[in-house]
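S.K.: coordinates only, no sequence provided:
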């Protein structure tokens, strides 16, 4: 398993670093939050990401994508984490694109090219409660005529309120099945929720929503493997985003310690603070290795990637939290104000920790 970037991946990393710093700095998230933007992301940014090819990073070339793999998707997410860039990348370009690729050619041909162009947004509806627990799914799909009727509730549907299509996981008679449903389907109610990080999720209620057999992703009762692959993709990319956020708050804090004076000295000269920063730096670099291992496993051996992905998500959940809390504390009272960006990173990290399983969940998965 190689953990070194290829020349193409290095070029992508450099391109993404400049792109997101220029097109989507933290100030853009502040503006979206303060203006209470109806979508929660910049449509112009999303269009420019499509022009750069970022939206099609996991889409095959015959569907107009660039198909660079999960390592590339993680590199993009890392730069988004550094800049707190808000976009439908996770929901549409990672989760939905992965589901459509695994589902088969019919749905892939219909939607993947639209994902690449940025014209279609697709959200994944899997969680039903306050904690991620797909094994305890209560949402059902009951046979009805030539199709099914969907009933139940979904929560934490990332970008659900702006999606054109919803990929929903449901219990069927002998297993789990994935369906793709228009967001405006009869019987589907969507309520936007603004999370603590100013991003979007949605609550959804399905009340006898009718779907046909043509809307099944993959095969009836055999959606568990597809869903697992989709969730692993999302978890690894979220871990990469948290890595970027952690690295950025470390750099912000390091610069502050070099400038802030107290008791007539630069506070970064105090050995106790140096020890804390050295410890944090080591933790972030160890976490980086776990993220690279997870992304590499998804690209090279996806069937056995689950443990690597869980290790990365668990590790980044704890390290990113440490980075954010240390940053707030080392900034002193100013760290608690909205004026500084470190609080925004803390909020995003806390949400990313919970999405698709927190550290405790993934430690349990590893132990099985």
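M.R.: Noted; the coordinates are in hand. Note that the structure is predicted; figures quoted are calculated from it, not measured.
S.K.: could you use CA atoms for every contact and neighbour count after this?
M.R.: OK.
S.K.: how close does the closest residue to residue 88 other than its chain neighbours get to residue 192?
M.R.: Of all residues not flanking residue 88 in the chain, residue 159 sits nearest, at 6.6 Å (CA to CA, 6 or more residues apart in numbering). To residue 192, residue 159 is 9 Å away according to CA to CA, to the nearest Å.
S.K.: all strands for the chain, in order.
M.R.: 122-125, 140-144, 147-154, 165-172, 175-182, 188-194, 200-212, 216-217, 261-262, 265-266 (DSSP state E).
S.K.: tell me, what's touching residue 159 and residue 192 both at once?
M.R.: 200-202 (CA atoms under 8 Å, 6 or more residues apart in numbering).
S.K.: mind listing the helices for the stretch 1-150 of the chain?
M.R.: 7-23, 26-34, 43-52, 70-83, 97-103, 105-117 (DSSP state H, counting those that start in this stretch).
S.K.: list the helices and strands the first one packs on?
M.R.: It refers to helix 7-23. On a contact count with 3 or more CA pairs under 8 Å, 6 or more residues apart in numbering; DSSP states H and E, helix 7-23 meets helix 70-83.
S.K.: report the angle between the helix it packs on and helix 26-34.
M.R.: 70 degrees (axes from the mean of the first three to the mean of the last three CA atoms, to 10 degrees).
S.K.: skipping its backbone neighbours, what lies nearest residue 219 in space?
M.R.: Spatial nearest neighbour of residue 219, excluding adjacent residues (CA to CA, 6+ apart): residue 177 at 7.1 Å.
S.K.: got the contact list for that neighbour?
M.R.: Shown in contact with residue 177 (CA under 8 Å, 6+ apart): 169-171, 216-217, 219-224.
S.K.: filter these down to the buried ones, PyMOL style.
M.R.: Selection command for PyMOL covering only the buried members of those, criterion 16 or more other CA atoms under 10 Å:
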select buried, resi 169+170+171+216+217+220+221+222+223+224
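S.K.: please identify which of the contacts of residue 177 is nearest to residue 290.
M.R.: The closest of the contacts of residue 177 to residue 290 turns out to be residue 224 (CA to CA; 25.2 Å).
S.K.: list the contacts for the closest one?
M.R.: Residue 224 neighbours (CA under 8 Å, 6+ apart): 175-177.
S.K.: quick one: which of those is nearest residue 136?
M.R.: Distance to residue 136, by CA to CA, is smallest for residue 176 among the contacts of residue 224, at 11.3 Å.
S.K.: isn't the closest one right next to residue 168, touching?
M.R.: No: in this structure, residue 176 is not within contact of residue 168 by CA atoms under 8 Å, at 10.4 Å.
S.K.: dig out what the closest residue in space to residue 181 that isn't next to it in sequence forms beta bridges with.
M.R.: Counting by CA to CA, 6+ apart, residue 181 lies nearest to residue 166, which is 5.1 Å off, once chain neighbours are set aside. Residue 166 has these beta-bridge partners by DSSP bridges: residue 123, residue 181.
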